[in-house]
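Enquirer: Here is the input, now give the coordinates:
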Amino acid sequence: MSERPSARVAVRSYRGVVDEVERRIFRLDRWRLPTPHGVPVRGVGYALAWLLVLLLASGLPLVGPLLGLLPDSLRLLAVPALGGWAMASLRIDGRPPHRMLFAAARYLASPRTLSGLRCCPPAGAELAPVEAVEIAAVGDGPTLRAGRVRGPARLTLRYPARARAEGGRGGEGRDRLAAARRLTLSAAGEWRGPLARARTLTVPAGREVRVR
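Expert: Residues are numbered from 1 along each chain as shown. You can find the predicted model right below:
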């Protein structure tokens with residue numbers, strides 16, 4: 001009988017193997033720790049974090065006096081040691097507590113609504129009041145669009161148009177157009193194509209232009 005070849009796993013980096021093994025402390029110089037399985041390095045980090053939190057909390061107005069009632073040995077040694085041991089033994093969805101807290105903070109800081117993997121306003125959000133949105137034609141077409149313009153404004157005419165003055169007194173031609181209270185613009189009778197040079201019509205305040 002021929003033996004089946006054993007499955008081989010290619011290890012490209014020692015870090016990929018060492019990181020999967022929990023690091024523990026078994027000896028400090030020549031003194032061996034009394035624990036048979038050593039002390040996890042992560043637990044030491046958690047204990048130092050607990051000690052830092054307790055030192056910061058001791059300076060708070062309400063929490064500080066309550067922590068001052070505890071003996072120093074309990075407040076600075078027993079509580080951090082028990083907190084570090086408890087957090088080192090805790091696993092939430094297979095993850096250590098610090099990774100879970102980091103993931104929870106990243107989730108709370110991330111946007112809730114995405115569109116094309118980009119942040120966007122949620123459904124039903126009001127981006128701008130309806131009264132602030134104005135819709136108007138581009139105005140670059142060959143025909144005039146019906147509308148009403150109140151001054152002060154400036155109109156650019158790129159196609160032939162007829163102007164009829166309403167209101168005002170005296171004068172003819174341009175003088176009458178300038179003095180009119182209201183102007184009515186309409187398209188020329190026959191198609192002549194765009195003007196070689198656009199004309200600008202200035203509408204002063206209080207005047208009105210109607211486009212038909």
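Enquirer: Can you report how many residues lie near the closest residue in space to Ala165 that isn't next to it in sequence?
Expert: In this structure, Ala165 finds its nearest non-sequential neighbour in Ala180, 3.5 Å apart by C-beta to C-beta, 6 or more residues apart in numbering. Bear in mind the C-beta positions are built from the backbone N, C-alpha and C, glycine included. The number of residues packed near Ala180 is 20, by other C-beta atoms under 10 Å.
Enquirer: If I look at Ala180, what pLDDT would I see?
Expert: The per-residue pLDDT reported for Ala180 equals 72.
Enquirer: repeat for Val211
Expert: On the pLDDT scale, Val211 gets 83.
Enquirer: again, but for Ala105
Expert: Value for Ala105, per-residue pLDDT: 90.
Enquirer: Dihedrals phi and psi, it?
Expert: phi -70, psi -40 (degrees, to the nearest 10).
Enquirer: got the contact list for it?
Expert: Ala105 makes contact with no residue under the criterion C-beta atoms under 8 Å, 6 or more residues apart in numbering.
Enquirer: which secondary structure element contains Leu56?
Expert: Assigned by DSSP states H and E, Leu56 falls within helix 41-57.
Enquirer: Could you measure from the residue nearest to Ala165 over to Tyr159?
Expert: According to C-beta to C-beta, to the nearest Å, Ala180 and Tyr159 sit 21 Å apart.
Enquirer: Do a quick rundown of the helices in this structure.
Expert: Assigned by DSSP state H, the helices in the chain fall at 15-18, 41-57, 63-68, 72-73, 79-89, 97-109, 174-179.
Enquirer: Let's have those in CSV, adding distance to Gly206.
Expert: Formatted as CSV, those follow (distance: least, C-beta to C-beta, whole Å):
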stretch, distance to Gly206
helix 15-18, 80
helix 41-57, 69
helix 63-68, 70
helix 72-73, 84
helix 79-89, 76
helix 97-109, 54
helix 174-179, 12
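Enquirer: tell me the centre residue of this protein?
Expert: When the chain is reduced to its mean C-alpha position, the nearest residue by C-alpha atoms, centre = their mean turns out to be Cys119, at 5.5 Å.
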